[in-house]
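Visitor: let me see the structure of the following:
(2 chains)
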Amino acid sequence: MRIIVGEGSCGLAAGAGAVHTQLEALIAQDNPRGVQLGITGCIGMCFLEPIVDVYEDDGTLHRLVRVQAKDAQTIYDAVMGGNLELLGKLAITPEDEQFLSKQTRVALRNCGIIDPESIDDYLAHGGYQAITKILETGMSQEDVIQQIDVAGLRGRGGAGFSTAFKWRAARDSQGEQKYLICNADEGDPGAFMDRAVIEGDPHSLIEGMLIGAYSIGASEAIVYVRAEYPLAIIRLRKAIEDATARGYLGEHICGSDFSCTLRIKAGAGAFVCGEETALIESLEGKRGMPRLKPPFPAQAGYWLKPSNINNVETYANVAWIVSHGGEAFAAMGTENSKGTKVFALSGKIARGGLVEVPMGTTLREVIFDIGGGIRSGKEFKAVQLGGPSGGCVPASKLDTVIDYNELAATGAIMGSGGMVVMDETTCMVSMARFFLDFTAKESCGKCVHCRLGTKRMLEILDRIVAGKGEQGDIEKLEDLCYAIKDGALCGLGQTAPNPVLTTIRYFRDELEAHIDEHRCPAGECRDLISYSIDKTVCVGCTACARQCPVGAISGERKSPHEIDPALCIKCGNCKTACRFGAVKVA
Amino acid sequence: MRTLAPVDLSLIEPALDAYADIPGSLITILQETQETYGYLPMSVMEHIAERTHTPIATIVGVATFYAQFRLEPVGKHLIMLCQGTACHVNGSQLISAAVTDELGIEDGQTTEDGLFSLKHVACLGCCSLSPVMMIDDRTYGSLTPDKARKILRELAAEDGEGDEAK
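Guide: Model prediction:
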């Protein structure tokens, strides 16, 4: 029997470490049945963390959810006593199981299954067979790229450029020294797919990169990882050491003439470094400011040598494609978007986590069938795709299929996979302001349109959410949007206006309510709302008064309370505290 | 007020020995510097400039470009408050207001007693547990304003006990 604790960042934040420690202590004391305790990466069901999987010897899985340290004894007793029925109260419900059963996992194929710190576990699950096949059967560079081409793999980082095209361009570039780079600078707020892949299955990234390096003729590979992902760096470092020790990295890989080293470079926190030329500048130790293209990295990239850059998820698909053939990958998806896509589902969703579905699935299926719809029975309002470069897609577009072109037609983009769901209480104007605040801060400052344009847009949005919007502000925003799109050098600037443009396109009435009536329909913008207590509903339990940090609520016990608007700081504590729905926001 | 310990330049020598001659290592050297001193002291940056034959303007330019680098020391506990989209949607502003109210510091500031520093950070990637904050190396999820206050009080109390024991 094996007990496996899910220890991705989400699981650990929810308390998986304490569960592990408890189980370890109990098993160390007495282990009559020879139970093995192990770990795995992110299972993807973040809403149920911490998760413990108990595997019987015949492979039967008992998945236990929301496990706390105090449950360790129950698990231990059940496993050691051979009475697994005791685990019933911790077991996942059939409803929650649908979260995984409706997915198709390619990039995440091993996440939550294997031990990310064990190369043997990866090998036991078919790991390093793709690179071995290439080297032992003597597949040429073109043979490999041909498979990627047939698969129709497009970049999963956001722009969706053809991977085979990039690889051919880098291979055809003249030069002795070439570099293969992985962009793991997952900067989109609301995206954590790449973190989960590195934490849960680092060897699949290494194998995908090796295949890429072989295909373009690179002997040096680099992973540029966000410094905010310490666990990912630790696990990737161990994976590199193990792969080197086993001869999958270094000189004469698998006894062939192909040699390649791999190293990690920790980023220092700059969103613009997700842009490939900015990332290269950062790798060279400089300020991460984008370069003018052409020349493209395939011609003159890192140290001006031919370089190829893809993101983590793109590489994570590569070994699968080589093993199963390009056709198998292309059999999934739509005409121009093949394979699967991983999304990080979060926000006001009932079941949040990592979702991998075939392209061509509708947004509705992802959000409602897999994600379980909106939490606490509220109304769905919009889903944000593509982070600061994307946009908010409204309820009327929920049947849009996941496809690079179809999503672009809505004004959003496929993006790297952030999918943040919003309900009726989310203000779309405040949301647009949130993204402009982000891009204005993250603009590297190279281009005037982006540096000053985003700042001016933020100022306009700031006054709108403060109830000081002016007539003509929407038109001014639109003018700025198009000017920035035309005038910016890189993807950050060119896409920065998207969140505002989609808000104008789909939620113009909300913008107008802020400007014309100084009203926030969602009840979120602090300067435009006031709190009051409905005296016919209030039972005088005093819960709100005890939570008020400024003493603005008064009233006798068991009689209706009242909020003094002059003192109220609109923190919302009272509304959260009230169990009777007596606190109203208007 | 706290007094700053004098900066011992020799502490950074091992990193300089390892990286000074490798082109493109400036960010790595600065990361090592911050790991060693807790921030980037100006005197150390001047020393790096000398040892790597790089203009000081280039070094400060890089140090001020990236969010990770600090030019001033931080408190004993560094609070990183996530400003990601999911956290925003789930009420990170309320958490931010509660932390500011509890400690009397805004983003980028340190408390008088040097116990806490507050930093707003880009997405921490724990979106399903939003709103989230990270204190030192520990992540705290599903926060409410109350829960955030409680965590800070507990940390402050632990430090108080530690001081008394001394």
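Visitor: need the contact list for the most centrally placed residue in chain B.
Guide: Nearest to the mean C-alpha position of chain B, by C-alpha atoms, centre = their mean, lies B:L78 at 5.3 Å. B:L78 makes contact with B:F116, B:S117, B:K119, B:I135, B:D136, according to C-beta atoms under 8 Å, 6 or more residues apart in numbering or on different chains. For glycine as for every other residue, the C-beta is placed from the backbone atoms N, C-alpha and C.
Visitor: on the three-state scheme, the second one is what?
Guide: By that I understand B:S117. State at B:S117, reduced to three classes by DSSP: H, G, I helix; E, B strand; the rest coil: strand.
Visitor: that one: how many residues sit nearby?
Guide: B:S117: 22 surrounding residues under other C-beta atoms under 10 Å in any protein chain shown.
Visitor: again with the last one
Guide: Other residues within reach of B:D136 by the criterion other C-beta under 10 Å amount to 10.
Visitor: which residues pair with the spatially closest residue to it that is not a sequence neighbour across the strands?
Guide: In this structure, B:D136 finds its nearest non-sequential neighbour in B:H77, 5.8 Å apart by C-beta to C-beta, 6 or more residues apart in numbering or on different chains. Per DSSP bridges, the residues bridged to B:H77 are B:F116.
Visitor: any idea how far B:H77 is from A:A227?
Guide: 19 Å (C-beta to C-beta, to the nearest Å).
Visitor: so the two - more neighbours on which side?
Guide: Between B:H77 and A:A227, counting by other C-beta under 10 Å, B:H77 is the more crowded of the two (19 against 16).
Visitor: and the longest strand along chain A, how far out from the chain middle?
Guide: Secondary structure of chain A per DSSP state E: the longest strand is strand A:340-347. Distance of strand A:340-347 from the chain centroid (C-alpha atoms, centre = their mean, to the nearest Å) equals 6 Å.
Visitor: may I see the buried residues of the helix of greatest length in chain B?
Guide: Ordering each helix of chain B by length in residues (DSSP state H) puts helix B:145-165 first. Judged by neighbour count (16 or more other C-beta atoms under 10 Å in any protein chain shown), helix B:145-165 contains these buried residues: B:P145, B:A148, B:R149, B:I151, B:L152, B:L155, B:A156.
Visitor: give me the number of residues near A:P294?
Guide: A:P294 has 9 nearby residues by other C-beta under 10 Å.
Visitor: would you mind pulling the contact partners of stretch A:507-515?
Guide: In contact with stretch A:507-515 (C-beta under 8 Å, 6+ apart) are residues A:382, A:392, A:394, A:427-429, A:464-465, A:467, A:469-471, A:473-474, A:503-504, A:519-522, A:525, A:528.
Visitor: residues contacting residue 65?
Guide: Here I'm looking at chain A. A:V65 makes contacts with A:M45, A:L48, A:E49, A:I51, A:L90, A:A91, A:I92, A:D96, as judged by C-beta under 8 Å, 6+ apart.
Visitor: actually chain B
Guide: A:A270, A:R287, A:G288, A:C444.
Visitor: do A:N405 as well
Guide: Per C-beta under 8 Å, 6+ apart, neighbours of A:N405: A:N336, A:S337.
Visitor: ok, so what distance separates it from A:V393?
Guide: With C-beta to C-beta as the criterion, A:N405 and A:V393 are 14 Å apart.
Visitor: of the contacts of B:L78, closest to A:L452?
Guide: Nearest to A:L452 among these: B:K119, at 26.1 Å, using C-beta to C-beta.
Visitor: give me the neighbour count for the closest one.
Guide: By other C-beta under 10 Å, 18 other residues sit near B:K119.
Visitor: next one, pLDDT for it please.
Guide: If you check B:K119, the pLDDT there is 92.
Visitor: okay, and for chain B, where does confidence drop off?
Guide: Applying pLDDT under 70 to chain B picks out residues B:1-5, B:162-166.
Visitor: what ranges do the strands span in it?
Guide: Using DSSP E, strands in chain B cover B:77-82, B:116-121, B:133-135, B:138-140.
Visitor: tabulate those (CSV), appending distance to A:T340.
Guide: Output for those, formatted as CSV (distance: least, C-beta to C-beta, whole Å):
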stretch, distance to A:T340
strand B:77-82, 28
strand B:116-121, 30
strand B:133-135, 31
strand B:138-140, 28
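Visitor: about what we covered before: same for chain B: which of the contacts of stretch A:507-515 are within range?
Guide: Among the contacts of stretch A:507-515, not one lies near chain B by C-beta under 8 Å from any C-beta of the partner chain.
Visitor: narrow those to those that are buried.
Guide: Using 16+ other C-beta under 10 Å, the buried ones in the contacts of stretch A:507-515 are A:382, A:392, A:394, A:427-429, A:464-465, A:467, A:469, A:473-474, A:503-504, A:519-522, A:525, A:528.
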